[in-house]
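# Please find the sequence and the predicted model below.
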Amino acid sequence: MKKSNTLTIMARMPSLAWSAKHAMIVPYPPAKSCWTVPPSTRRASVCSSSLGDSSTRRLPLPAGLPRRLKTNKVAATCITIATLLLGSHNAHALTPWADGAPNLTIRLSGAVAQTKAYTEAVTNTLAAPNSLDTFNDVDAVTGSVGSNWTAHYFTGNSNLGSGLAGKKILLLRRTRGGSGYGVVPLIGNIPLEHLNIAGLPASAWSADGSKAWKQTISAENADTYLTKKASDGGVIAVDPNILLKPGTENYPDQQIELTTGAPETKWPLNLTKLDTTGNNGFTVKPTAGLVYGVAVTQDLYEVLQAAQKRTQTLSSDVVIGAYSEKDMPSLSRTLIASLLAGKIGAWDQIKIVDKTDGDAVKSLLDSDILGDAGVSAPYQEATSGSNLTPVALGLRNNGAATSVLAYSVFLNYPGMANAVPPAAKTAHSAVEEDAALPIVKQPIIISDTGALLNDWQNGTNILGFNNVADGAGYAKRWGIAINTADKNTSVTAAGSGGDPWRYIRIDGYAPTLENVAAGVYPYWSEGVVLYRSSKPSDAQWALKTRLMKALADSLGSPAVAGVVSTTQAWGKTGTFATTTDPRGFSTSIPFNSSSPVVPFSHRSGGVLHTEIVPVADSGATGGLQVQLK
């Protein structure tokens with residue numbers, strides 16, 4: 001049977017059973033009656049057969065059930081009704097080449113960190129069932145899908161209410177540049193490159209599974225696939241004001257536009273506050289929290305395991321390479337802070353006291369440790385004359401939540417006066433990299449962090465950040481980087497599979513939802529959705545703000561967080577709700593990862609402050625309860 005965008009009603013008199021499958025007519029034998037309405041007409045085709053007798057008629061589509069259904073004496077009836085009927089049950093997937101322009105277009109910019117929760121919220125809260133088509137860019141260097149731009153085209157769900165329900169909605173999301181691009185361009189009303197799907201035919205895209213499309217976007221085709229428009233709202237993973245610190249590593253830097261080859265014009269450099277009052281004030285809606293992690297190249301992971309087995313920090317029965325929580329090596333917050341600040345430039349500077357060898361002092365490059373780990377020493381620099389093994393450090397671009405949060409958690413930067421800043425970026429050249437101790441790189445999209453660790457582990461230079469040649473390839477490095485904790489998920493507990501890098505513990509605790517809820521894991525924060533409270537120049541602003549509020553509410557829901565939580569070999573991680581949400585979510589002990597709610601928050605006085613130490617919510621619904629570990 002040829003597929004069409006239809007809804008099927010299957011009925012056995014006198015009751016009706018609804019099916020939302022596309023054009024799947026399953027008649028009850030021996031007789032059937034079928035009404036079908038193609039999307040291009042408002043008339044119904046009626047075909048009836050009973051024991052070999054058939055006829056075809058045409059009649060107007062009735063307002064309610066077809067009259068023939070009420071009078072037909074056959075034992076069973078099936079009806080197929082076109083998606084022209086209103087309501088979420090009969091929505092069909094939307095594409096610009098089949099359905100034309102949207103009734104409402106909303107453009108968002110900001111963090112990529114909560115992509116899984118964002119997608120879940122759009123799919124099951126904002127979009128009517130079976131109505132969603134997704135369009136993504138493909139990164140020209142790494143092949144990562146949806147790293148910079150995503151478009152969701154859908155019919156508004158019935159729960160959105162009048163003006164949105166049943167309407168064609170195009171929701172565009174730009175994550176290029178990170179959280180900073182969800183704040184500075186909104187305050188300055190700066191047009192950004194957003195994905196353009198309007199007017200493009202199906203041939204302009206490559207299929208990427210069911211109802212999903214993708215295209216590699218580069219400078220050569222950017223004028224076709226990107227259009228410069230101001231964002232309506234920002235989706236960010238930290239509080240907006242921690243980004244507005246002029247002259248610091250937190251203040252968002254500009255990204256090069258693909259369409260012009262230059263940064264956006266009129267980028268303000270002195271913004272210090274997001275106004276929430278007055279005619280130009282912003283509404284700031286809380287969303288979910290997210291767990292972040294510290295990751296290292298696989299060789300370094302195994303070296304740390306071998307070293308900590310000798311210090312007896314790890315059990316002697318830990319198998320090198322194993323990846324359950326008890327097997328993971330751990331670094332202290334103070335040591336991580338020293339690495340982030342660039343104060344430890346070479347791995348040779350980190351020593352252990354070997355309790356299995358008469359308390360002998362050994363560096364991480366000691367042959368005993370390398371032998372236990374089963375790895376070779378990485379590339380040594382040739383500039384200082386000391387043949388040191390440089391620390392390779394992966395941060396993020398200025399204004400990215402991953403780095404902003406790490407600087408706050410580990411360095412108290414820039415919130416505390418005289419705090420030590422993060423290490424300065426190393427230029428992308430072989431000369432600069434060979435002379436740097438440490439080597440510091442700042443990927444601008446989160447998927448590039450994994451690519452950078454891959455390059456350092458494998459001795460490759462796919463990303464263009466590892467430029468020192470070594471033999472037929474490039475230098476192998478022991479790398480450490482900050483990242484969200486929900487990546488590289490296919491690594492097994494035995495340590496096989498996945499990309500060649502691993503997360504580590506911080507102060508003995510893995511980056512799990514349960515450890516965040518127990519207050520023992522520090523690297524996490526909540527996010528917000530923000531938009532102007534009013535915009536008289538936009539006749540659709542009330543509808544746009546209603547949809548953005550619905551998005552924020554869904555992002556902050558434990559129901560959504562539970563669905564999109566990530567299972568790693570060492571535990572559950574990802575997104576969570578907090579008890580400070582005004583809807584009154586409650587935490588549970590034992591921790592329930594299917595409905596993750598954390599009793600701690602960075603909120604003070606009802607406002608999110610990422611730079612402060614999170615504390616327990618004394619006003620938690622049902623009473624505060626905190627698990628002791």
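Structure received. Residues are numbered from 1 along each chain as shown.

# Need the pLDDT of residue 55.
Confidence at residue 55, expressed as pLDDT, is 32.

# actually residue 78, sorry about that
36.

# Then the one 5 residues further on?
For residue 83, the model assigns a pLDDT of 34.

# give me every residue that touches the closest residue to residue 184 other than its chain neighbours.
The shortest distance from residue 184 to any non-neighbouring residue, by CB to CB, 6 or more residues apart in numbering, is to residue 252 (5.0 Å). Glycine gets a C-beta too; all of them are placed from N, C-alpha and C. Residues near residue 252 by CB atoms under 8 Å, 6 or more residues apart in numbering: 177, 178, 179, 180, 181, 183, 184, 243, 398, 399.

# what do you get for residue 571?
325, 510, 512, 513, 514, 515.

# could I get the residues you listed as a markdown table with neighbour count and pLDDT?
Listed next are the contacts of residue 571 as a markdown table, based on neighbours: other CB atoms under 10 Å; pLDDT from 0 to 100:
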| residue | neighbour count | pLDDT |
| --- | --- | --- |
| 325 | 17 | 98 |
| 510 | 25 | 98 |
| 512 | 25 | 98 |
| 513 | 28 | 98 |
| 514 | 22 | 98 |
| 515 | 24 | 98 |
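
# hang on, the earlier thing: so which of the contacts of residue 252 is the closest to residue 222?
Within those, the smallest distance to residue 222 is 15.4 Å, found for residue 177 (CB to CB).

# Ignoring the adjacent residues along the chain, who's closest to the closest one?
residue 255 (4.7 Å).

# Mind checking which of the contacts of residue 252 are in helices?
The helices, defined by DSSP state H, take in residue 184 from the contacts of residue 252.

# Let's see if you can find the most crowded of the contacts of residue 252.
Sorting the contacts of residue 252 by how many neighbours each has (other CB atoms under 10 Å) puts residue 179 first, at 34 neighbours.

# Residue 564 and residue 576 touch, don't they?
No - between residue 564 and residue 576 there is no contact under CB atoms under 8 Å: 10.3 Å.

# neighbour-wise, which of the two wins?
For residue 564 versus residue 576, the count of surrounding residues by other CB under 10 Å is larger for residue 576: 30 against 18.

# circling back to that earlier point, from residue 478, how far off is the residue nearest to residue 177?
29 Å (CB to CB, to the nearest Å).

# average pLDDT for the helix or strand where residue 149 lies?
Under the criterion of DSSP states H and E, residue 149 resides in strand 145-155. For strand 145-155, mean pLDDT rounds to 97.

# and that strand, C-alpha only, in PDB?
Provided in PDB are the C-alpha atoms of strand 145-155 (Å, rounded to 0.1, in the frame of the first residue of the first chain):
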ATOM      1  CA  VAL A 145      25.400  16.200  13.300                       C
ATOM      2  CA  GLY A 146      23.600  19.200  14.800                       C
ATOM      3  CA  SER A 147      26.700  20.700  16.400                       C
ATOM      4  CA  ASN A 148      25.800  24.300  15.300                       C
ATOM      5  CA  TRP A 149      22.300  24.500  14.000                       C
ATOM      6  CA  THR A 150      19.000  22.600  14.300                       C
ATOM      7  CA  ALA A 151      15.500  23.300  13.000                       C
ATOM      8  CA  HIS A 152      12.400  21.600  14.300                       C
ATOM      9  CA  TYR A 153       9.300  22.000  12.100                       C
ATOM     10  CA  PHE A 154       6.100  20.700  13.600                       C
ATOM     11  CA  THR A 155       2.400  21.200  14.400                       C
END
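
# Sheet partners, orientation included, of that strand?
Here strand 145-155 has these sheet partners by DSSP bridges: strand 133-138 (antiparallel), strand 168-174 (antiparallel).

# Just checking the distance from that strand to the centre of its chain.
12 Å (CA atoms, centre = their mean, to the nearest Å).

# What are the phi and psi values at the closest residue to residue 259 other than its chain neighbours?
Nearest non-adjacent residue to residue 259, counting by CB to CB, 6+ apart: residue 222, 4.5 Å away. Residue 222 adopts backbone torsions of phi -60, psi -30, taken as degrees, to the nearest 10.

# What's the separation between residue 222 and residue 149?
Separation of residue 222 from residue 149 (CB to CB): 11 Å.

# cool, and residue 423?
Taken as CB to CB, the span from residue 423 to residue 149 is 30 Å.

# and if you look at residue 435?
Distance from residue 435 to residue 149, by CB to CB: 37 Å.

# neighbour count winner among those two?
Legend: neighbour count by other CB under 10 Å for residue 435 and residue 149, higher for residue 149 (23 against 16).

# gap between the more buried one and residue 439?
Distance from residue 149 to residue 439, by CB to CB: 30 Å.

# go on, residue 516?
For residue 516 relative to residue 439 (CB to CB), the value is 31 Å.

# Which residue ranges of the stretch 351-500 of the chain form helices?
Counting by DSSP state H, counting those that start in this stretch, the stretch 351-500 of the chain has helices at residues 367-373, 401-411, 430-435, 447-458.

# Give me the nearest residue to residue 186, chain neighbours excluded.
residue 234 (5.3 Å).

# can you pull the pLDDT of the one you found?
Confidence score, pLDDT, at residue 234: 98.

# same check, this time on residue 112
84.

# shaky segments in this structure?
1-91 (pLDDT under 70).

# Map the structural domains onto the sequence of it.
Here the domain assignment for the chain is 6-85, 96-290+530-577, 291-517, based on automatic domain parsing.

# Let's have the ones you listed in CSV, adding distance to residue 627.
Listed next are the domains of the chain as CSV, based on distance: least, CB to CB, whole Å:
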stretch, distance to residue 627
domain 6-85, 41
domain 96-290+530-577, 14
domain 291-517, 7
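
# Compute the distance between the residue nearest to residue 177 and residue 191, please.
Residue 255 is 14 Å from residue 191, by CB to CB.

# Who has more neighbours out of those two?
Per other CB under 10 Å, whichever of residue 255 and residue 191 has more neighbours is residue 255, with 20 against 16.

# Who are the packing partners of the one helix or strand residue 307 maps to?
Using DSSP H and E, residue 307 sits in helix 298-310. Helix 298-310 sits against strand 351-354, helix 367-373, strand 478-484, strand 501-503, with contacts defined as 3 or more CB pairs under 8 Å, 6 or more residues apart in numbering; DSSP states H and E.

# if I look at residue 219, how far off is residue 199?
Applying CB to CB, the value for residue 219 to residue 199 is 21 Å.

# what's the answer for residue 333, then?
52 Å.

# Residue 342 too?
49 Å.

# tell me which residues in stretch 416-430 are buried?
The neighbour-count check on stretch 416-430 (16 or more other CB atoms under 10 Å) flags 420, 422, 423, 425, 426 as buried.

# List the contacts of the third one.
It refers to residue 423. 340, 341, 342, 393, 395, 438, 440.

# For the nearest residue to it once chain neighbours are set aside, what are phi and psi?
Nearest-residue entry for residue 423: residue 342, 2.8 Å, with adjacent residues in sequence omitted and distances by CB to CB, 6+ apart. Backbone torsions of residue 342, given as degrees, to the nearest 10, read phi 80, psi 10.

# is it true that residue 342 touches residue 426?
No - assessed by CB under 8 Å, residue 342 is found out of contact with residue 426, at 9.8 Å.

# anything in contact with each of these two?
Common neighbours of residue 342 and residue 426, using CB under 8 Å, 6+ apart, are 438, 440.

# about what we covered before: in the contacts of residue 571, find the pair that's most separated.
325 and 513 (12.5 Å).

# and the gap between residue 157 and residue 213?
On the measure of CB to CB, residue 157 and residue 213 end up 21 Å apart.
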